[in-house]
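S.K.: Turn this into a model:
(2 chains)
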Amino acid sequence: MSARYYWGLHLGLIALLFAGHFVLPAYQHGNVARIMVLAVYAMGYNIAFGYTGLLSLGHAMFFGAGMYGMGLLSYHFDAGALPAMAAGIVAGAMLSLVVGLLALRTAGVSFMIVTLMFSQALAMTLVYFRDITRGDEGFVIPSATRRLWGMDLSDEAHRYLIAWGLFSIVLIFTLWLVRHRWGRVFVALRENEERASLLGYDAFRTKLGALVISGTISALSGAAYALLFGYAGATFAGVQYSIFPLLWVLLGGAGTVLGPFVGALFMFYLIDLSSGVTDAYMLIAGVALVLLTLFLPQGLVGEVKRRLWRDLP
Amino acid sequence: MTKLILPAGEGAKLHSPGRRKALKTLAAGVGAAATMPLLGRYASAQSTAPIRIGFQKHATGIGAAYGRWYERATLAAVEKINGEGGINGRPVEIVTEDDGTDPKRGAEVLEKFANQSNCDIAYGTLFSHVVMGSAPRAGELKLPYFVVSEGHHVASGALNRWTLQPGITDVKSQVQAMAPFIGDVLGKKVTMIFPDYAFGYDHRDNLPAAIAAAGGEVIEQIAIPPSETSYTKYFPRIPRETEVIYHVMIGPGVLTFVKELGEFFGPSRPEIFGFVDSIEATDLTSPGLEFLDGTYFWEGMPRYAQEDDTEFSTAYRAAVGCDENGASLADPKDVATYAHMYGCWETLHIIKAGMEACDYKGIEDRQALIEAVEAMSDMPEGFDHPQGPKRFNGKTHQTFGQQYISKVEGGKLVKVHTAAIDDTIYPDEVDYTSMSF
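M.R.: Take a look at the predicted model:
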């Protein structure tokens, strides 16, 4: 199908989420705001894993770098939202560059383990320098710093619209990127790195670029989470927050632009709704995940792509 | 099963001025939409409807043992309150949600209480990081948030006017009250072993000064990650001249910790003083814990029935379903988190007193509820406060109360010292009443 259709699909989702601001009940309104911020994280992860084939188990370090880059500047120096956000994004970009330069010397399982180790090292560092970071307990972002262009970001409406804006920008950027020549090289490396290298592409630099973009977007999500929800804590740099984006992407569909959002949405409501039915809600979530893996191995959007819309980005 | 109470249908739509104000500041293209209503907001609870209290339960995760008993104490208190006619003539209902002992989920749970379950207030959180992650949302949602955490985070001024801790004392006051006994009775040179976690830092940060004030000295501080499963490798760091081991551990490895401490020292050990957290929800007759005989523990409330127990304490013990050993009446192996869960019972009674003082009718009176609780001070010992009398500081949103020291004798904890409320008081670090709502 032509580009007009898939642009329409993605812009349609953006429009739908904007409309959601006006019609969603308060609780769902807050949930969707949170899901959009987390979907940004998943979209960042998807660039590395879904498009470039870099299976990282350490993306929480980039999310955490963004969160703490933003949060520490606010907490200790009363920095405004914009410079604090910028600090978070830069922290994530720098960290992903350094980690990429080292970790990309490995591949496959080794890359997975090295990223996991780097991430754990960051998490331990956050706990170790507790006087600065407040360790496991974390800290509340001062409300005075949670203002942007006169808007109070603790306000529900502002929070939703800022989350929607960030989500929209990253979604459109991702769609553009994966259709761009660079994105096609990412996929070429994922599919057959040796062949891509023989064709003259610099595999290391390309993967480094993908990882830096991925890490920077993840950091943007972490910084936005701290800014919009008012809390930064070392839990967010823990290993489970490296697993989450992997799960969201796998559930939604790796290598699809919409997959991360669909996966994050599905997972959030799977837990939220099943917890209203039984205390053993993780069992329900686990069974659902197993069934999905068995019967929709490409993920929800991935199966749509495989069965109905093969050139869906 | 998690209980979910759906919102009342009547009067359930409310325009949101905050949202309209927000949109006006955005781009002109979306400004026109600013006056649209937000569907699904609730107005106020009906006057005959139950008062709904959202209970943020640590049902899973590192706090699960506490969550289970916090829930039992909560349901027992609600049964008592409802049996006495409820609050302002309305029954109380508990809406329980698992927060997974996770700060992100904790914040989501508060949103659910406020925006979906139509709860009047939120209550019951123990672990510090969950409190820290949730409290900002409580402030934004303008949802009274009564925590039962022990953390110093409330009194330190880190939170907001909507967050209070009126039913359980904080670690800073507990440590301060213990130090004179340690210094005067057990020894002057103290080595601390504590969890490398916020709760442990409250001990790390406050004990040295308190011990110094008692004429002693903390000569080593050993932090252990709460997820640790083997502890022996940390013990060689204990200096030889140590006269007192001060330990406090939490998490699933506490039993292993205590056993390995005993194996490390063998028959010749220094004096040992622990916070009962190290053996909370653990049967003292478990194999390997024999070496604890003769050691001392802080207890928020004595686990074992004491000879001088008040009638209130005895009635409370029966109400929460515990035997004289602090274990479940139904299962003697199921030991309660007895030193902490009284906080749930007392907090719910303070909520009741606050709602009655401000003639609470619905969510429009949430602010009045906070002000009513802030106005509280001395609370006498009674069935509502079986742990002992309390002195609530409305400025710091923190309560102060008696602390107990027990000695292990014959596999039971026997109370040997009671620290008075005055021993626990420290200077105010914040005045929440000066903050706006």
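
S.K.: In a strand, B:F392, correct?
M.R.: Yes: with DSSP: H, G, I helix; E, B strand; the rest coil as the criterion, B:F392 is assigned to a strand.

S.K.: For burial, what's the neighbour tally of residue 168?
M.R.: Since no chain was named, I'll use chain A. The criterion is other Cβ atoms under 10 Å in any protein chain shown. On that basis, A:S168 has 19 neighbouring residues. (Each C-beta comes from the backbone N, C-alpha and C, glycine too.)

S.K.: try again with chain B
M.R.: Going by other Cβ under 10 Å, the residues that sit close to B:I168 add up to 27.

S.K.: Please tell me how far the closest residue in space to it that isn't next to it in sequence sits from B:G300.
M.R.: Nearest in space to B:I168, with sequence neighbours left out and distances taken as Cβ to Cβ, 6 or more residues apart in numbering or on different chains, is B:G343 at 3.1 Å. As judged by Cβ to Cβ, to the nearest Å, B:G343 and B:G300 stand 7 Å apart.

S.K.: which residues do the two both contact?
M.R.: Residues touching both B:G343 and B:G300 (Cβ atoms under 8 Å, 6 or more residues apart in numbering or on different chains): B:E150, B:I168.

S.K.: Look at the two and report which has more neighbours.
M.R.: Taking B:G343 and B:G300 together and counting by other Cβ under 10 Å, B:G343 has the greater number of neighbours (29 against 26).

S.K.: Output the contacting helices and strands for the helix or strand in which the more buried one is found.
M.R.: Per DSSP states H and E: B:G343 is located in helix B:338-357. In this structure, helix B:338-357 packs against strand B:51-57, helix B:64-83, strand B:121-123, strand B:145-146, strand B:296-299, helix B:311-319, helix B:366-374, with contacts taken as 3 or more Cβ pairs under 8 Å, 6 or more residues apart in numbering or on different chains; DSSP states H and E.

S.K.: can you list the residues that contact the third one?
M.R.: Spelled out, that is strand B:121-123. The contact list for strand B:121-123, computed with Cβ under 8 Å, 6+ apart, reads B:53-56, B:109-110, B:113-114, B:134, B:138, B:143-148, B:347-348, B:351, B:366, B:369.

S.K.: Please apply the same query to the longest one.
M.R.: In this structure, residues lying in contact with helix B:64-83 by Cβ under 8 Å, 6+ apart are B:53, B:55, B:57-60, B:87, B:91-94, B:96, B:98, B:101, B:124, B:126, B:148, B:280-281, B:319-321, B:336-338, B:340-342, B:344-345, B:348-349, B:352, B:383.

S.K.: Could I have the ChimeraX command that selects the buried members from those?
M.R.: Applying 16 or more other Cβ atoms under 10 Å in any protein chain shown to the contacts of helix B:64-83, the buried members can be selected in ChimeraX as follows:
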select /B:53,55,57,58,59,60,87,92,93,94,96,98,101,124,126,148,280,281,319,320,321,336,337,338,340,341,342,344,345,348,349,352,383
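
S.K.: for chain B, what are the nearby residues on the stretch 101-250 of chain A?
M.R.: The interface of the stretch 101-250 of chain A toward chain B, taken as Cβ under 8 Å from any Cβ of the partner chain, is made up of A:127, A:130, A:134-141, A:143, A:149-152, A:154-158, A:161, A:229-231, A:233, A:235-236.

S.K.: neighbours around the residue of chain A found nearest chain B, how many?
M.R.: With distances taken as Cβ to the nearest Cβ, chain A approaches chain B most closely at A:P25, which sits 2.4 Å away. If you count neighbours by other Cβ under 10 Å, A:P25 ends up with 17.

S.K.: That one and B:Q116 touch, don't they?
M.R.: Yes: between A:P25 and B:Q116 there is a contact under Cβ atoms under 8 Å: 7.5 Å.

S.K.: Now do the buried residues in the helix or strand in which B:A223 is found.
M.R.: In this structure, B:A223 is located in strand B:217-224 according to DSSP H and E. Neighbour-count burial for strand B:217-224, counted by 16+ other Cβ under 10 Å, picks out B:V218, B:I219, B:Q221, B:I222, B:A223, B:I224.

S.K.: Identify the farthest-apart pair in those.
M.R.: When Cβ to Cβ is used, the two most widely separated members of those are B:I219 and B:I224, lying 17.3 Å apart.

S.K.: ok, B:L413 touching B:R303?
M.R.: Yes: the criterion here is Cβ under 8 Å, and B:L413 meets it with B:R303 at 5.6 Å.

S.K.: Would you mind listing the residues touching both of those two?
M.R.: Listed contacts common to B:L413 and B:R303 are B:V276, B:S406; contacts here mean Cβ under 8 Å, 6+ apart.

S.K.: Show me the shaky parts of the chain.
M.R.: If you meant another chain, say so; for now it's chain A. Confidence mapping of chain A against pLDDT under 70 gives the ranges A:1-2.

S.K.: let's do chain B instead
M.R.: Across chain B, the stretches falling below the confidence threshold (pLDDT under 70) are B:1-47, B:251-252.

S.K.: Do a quick rundown of the helices in it.
M.R.: In chain B, the segments counted as helices under DSSP state H are B:17-24, B:28-31, B:64-83, B:103-115, B:128-141, B:171-181, B:198-213, B:254-265, B:311-319, B:338-357, B:366-374.

S.K.: now do the stretch 1-150 of chain A
M.R.: Applying DSSP state H, counting those that start in this stretch to the stretch 1-150 of chain A gives helices spanning A:3-23, A:26-46, A:60-77, A:81-103, A:109-128, A:130-133.

S.K.: Could you point out which of these sits nearest A:L291?
M.R.: In this view, the helices of the stretch 1-150 of chain A are compared for proximity to A:L291 by Cβ to Cβ, and helix A:26-46 is the closest at 20.8 Å.

S.K.: Just the CA coordinates for that closest one, please, in PDB.
M.R.: Provided in PDB are the C-alpha atoms of helix A:26-46 (Å, rounded to 0.1, in the frame of the first residue of the first chain):
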ATOM      1  CA  ALA A  26     -10.200  10.800  34.400                       C
ATOM      2  CA  TYR A  27      -8.600   7.500  35.300                       C
ATOM      3  CA  GLN A  28      -8.100   6.400  31.700                       C
ATOM      4  CA  HIS A  29      -6.900   9.900  30.900                       C
ATOM      5  CA  GLY A  30      -4.100   9.600  33.400                       C
ATOM      6  CA  ASN A  31      -3.300   6.000  32.300                       C
ATOM      7  CA  VAL A  32      -3.000   7.000  28.600                       C
ATOM      8  CA  ALA A  33      -0.700   9.900  29.500                       C
ATOM      9  CA  ARG A  34       1.600   7.500  31.400                       C
ATOM     10  CA  ILE A  35       1.400   4.900  28.600                       C
ATOM     11  CA  MET A  36       2.400   7.500  26.000                       C
ATOM     12  CA  VAL A  37       5.500   8.400  28.000                       C
ATOM     13  CA  LEU A  38       6.400   4.700  28.400                       C
ATOM     14  CA  ALA A  39       5.600   4.100  24.700                       C
ATOM     15  CA  VAL A  40       8.300   6.700  23.900                       C
ATOM     16  CA  TYR A  41      10.700   4.600  25.900                       C
ATOM     17  CA  ALA A  42       9.600   1.500  23.900                       C
ATOM     18  CA  MET A  43       9.900   3.300  20.600                       C
ATOM     19  CA  GLY A  44      13.400   4.200  21.500                       C
ATOM     20  CA  TYR A  45      14.100   0.600  22.400                       C
ATOM     21  CA  ASN A  46      12.500  -0.600  19.200                       C
END
